[in-house]
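A.B. asks: Return atomic coordinates for the entry below.
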Amino acid sequence: MDIERLMDWVIAKNPGEKEYHQAVKEVVESVQPVLKKHPEYERFKILERMVEPERQIMFRVPWMDDSGDIQVNRGFRIEFNSAIGPYKGGLRFHPSVYIGIIKFLGFEQIFKNSLTGLPIGGGKGGSDFDPKGKSDMEVMRFCQSFMSELFRHIGPLTDVPAGDIGVGGREIGYLYGQYKKLVNRFESVLTGKGINWGGSLARTEATGYGATYFTEEMLKTRKDSFKGKTVTISGSGNVAQYAAQKVYQLGGKVVTLSDSSGYIYDPDGIAGDKWKFVLELKNMRRGRISEYADKFGVEYVAGKRPWGTPCDVALPCATQNEINLDEAKTLVNNGCIAVSEGANMPTLPEAVDHFIENGVLFGPAKAANAGGVATSGLEMAQNHVGIAWTFEKVDQELHQIMVNIHKNSWDAAEKYGHKGNLVIGANIAGFLKVADSMIDHGIV
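C.D. replies: I've put the predicted structure just below:
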């Protein structure tokens, strides 16, 4: 396939959407060995069809703030690919959200969901609304307005959104309450729900746990583990919190967490009461990570990311494009042996290349952070049957899914001549299932 021609076509149809272009290019380059062995994928124009969403929805979201003033935001839902199941992917509420971010996330979701082995297609949505600094009533009014449009496009067998950045249990509750009121049905249309009304145990922990389980599988390929390892983590939200907990349970020591203002460095490790303080700080008081440094007397570095801190393992769990080439070089020079992406596409392409070229184990987001959507899929399964599994049962299922994702990605990379390259392996393994299903369905 002429990669340059395809990318020119994608860029011309989606101008200015650099994150989306980056995501598409990575997949297109990765699957070239598959296209050479299977010309039917080119004949059926599978990639050209994959990069064009099945449906794009953009809508106005007016809401009233506590002062009685009307505010207006923009909402999005991109239903990208339903070849293997209903659309599935989170909703992100953040000022940075625009159509290009949603496309990038939705495109990644196609392959991530395929890797889980569950029957879920790829989608994503959100708004440029910023929940930070808003009262509960303002967030509720926004969510109700957002769902008043979105409800007509989703459903338990059509599209099942979940949470993402800026959309946690509070927001899912408000969104679900409005959906239920509008459709007059109690059904499995959102995941990340409250435990009392259809949510799954271990869903909160799932993305962070999953990224850690995946990293453990990478380390096993070198007969190694987390035991005794120093680990740097970026972010301090849901993914970072539970990655830190699981690292500790597996014998490692987490020494950094961060937010948009800077990072903390605690050489004694962030665990026990310190870890509980982070949960209360971020989930209840919605404070800044600098408060941790003030309370425990550790170093706080303002305006920087934690990648200059020496470590054995790095887990970027904050946001996209947070590790650049210089930071990758620093991590390698400091002896980092493994990097696993808890966030969506947090590593720039040139940084990914540098890690792989220098023998660093690298877990790409679509594989490493699939634990969240995998457990969302398990929540859907419990809802459909009308049962609730124990925490241990869900965690066991999640662990096995992450083991399978690593194995399938590793095997695909080896089969197509790129042994150990999990970026290529994950893209190929995710692509094949979706591509074959699209061919089975004909030209639709």
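A.B. asks: show me where the stretch 251-400 of the chain has helices.
C.D. replies: Per DSSP state H, counting those that start in this stretch, the stretch 251-400 of the chain carries helices over the ranges 273-279, 290-296, 325-333, 349-357, 365-368, 371-385, 391-415.
A.B. asks: Out of these, the one nearest Lys227 is which?
C.D. replies: Closest of the helices of the stretch 251-400 of the chain to Lys227 is helix 391-415, at 17.4 Å (criterion: CB to CB). (Glycine included, C-beta is placed from N, CA and C.)
A.B. asks: Give me the angle between that closest one and helix 371-385.
C.D. replies: Helix 391-415 and helix 371-385 are oriented at 130 degrees to each other (axes from the mean of the first three to the mean of the last three CA atoms, to 10 degrees).
A.B. asks: In the record's domain split, what are the boundaries for this protein?
C.D. replies: According to automatic domain parsing, the chain comprises the domains 51-197, 206-359.
A.B. asks: would JSON lines of those with mean neighbour count be doable?
C.D. replies: Shown next, in JSON lines, are the domains of the chain (neighbours: other CB atoms under 10 Å):
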{"stretch": "domain 51-197", "mean neighbour count": "20"}
{"stretch": "domain 206-359", "mean neighbour count": "20"}
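A.B. asks: For the ones you listed, give me a markdown table that also has distance to Lys393 and mean pLDDT.
C.D. replies: Listed next are these as a markdown table, based on distance: least, CB to CB, whole Å; pLDDT from 0 to 100:
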| stretch | distance to Lys393 | mean pLDDT |
| --- | --- | --- |
| domain 51-197 | 14 | 97 |
| domain 206-359 | 13 | 97 |
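A.B. asks: Nearest to Asn408, out of the ones you listed?
C.D. replies: That would be domain 51-197 among the domains of the chain, by CB to CB, at 6.8 Å.
A.B. asks: mind checking which of the helices of the stretch 251-400 of the chain is nearest Ile172?
C.D. replies: Nearest to Ile172, of these and by CB to CB, is helix 371-385 at 11.0 Å.
A.B. asks: Return stretch 143-157 as PDB; C-alpha atoms alone will do.
C.D. replies: The C-alpha trace of stretch 143-157 is given here as PDB (Å, rounded to 0.1, in the frame of the first residue of the first chain):
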ATOM      1  CA  CYS A 143     -24.900  16.500  31.900                       C
ATOM      2  CA  GLN A 144     -28.600  16.600  31.600                       C
ATOM      3  CA  SER A 145     -28.400  18.900  28.600                       C
ATOM      4  CA  PHE A 146     -25.700  16.800  27.000                       C
ATOM      5  CA  MET A 147     -27.700  13.600  27.400                       C
ATOM      6  CA  SER A 148     -30.800  15.300  26.100                       C
ATOM      7  CA  GLU A 149     -29.200  15.200  22.700                       C
ATOM      8  CA  LEU A 150     -27.000  12.100  23.000                       C
ATOM      9  CA  PHE A 151     -29.700   9.700  24.100                       C
ATOM     10  CA  ARG A 152     -31.200   9.500  20.600                       C
ATOM     11  CA  HIS A 153     -27.900   8.100  19.200                       C
ATOM     12  CA  ILE A 154     -27.100   5.400  21.800                       C
ATOM     13  CA  GLY A 155     -28.500   2.200  23.300                       C
ATOM     14  CA  PRO A 156     -27.500  -1.100  24.800                       C
ATOM     15  CA  LEU A 157     -27.200  -2.800  21.400                       C
END
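A.B. asks: Alright, that wraps it up for me.
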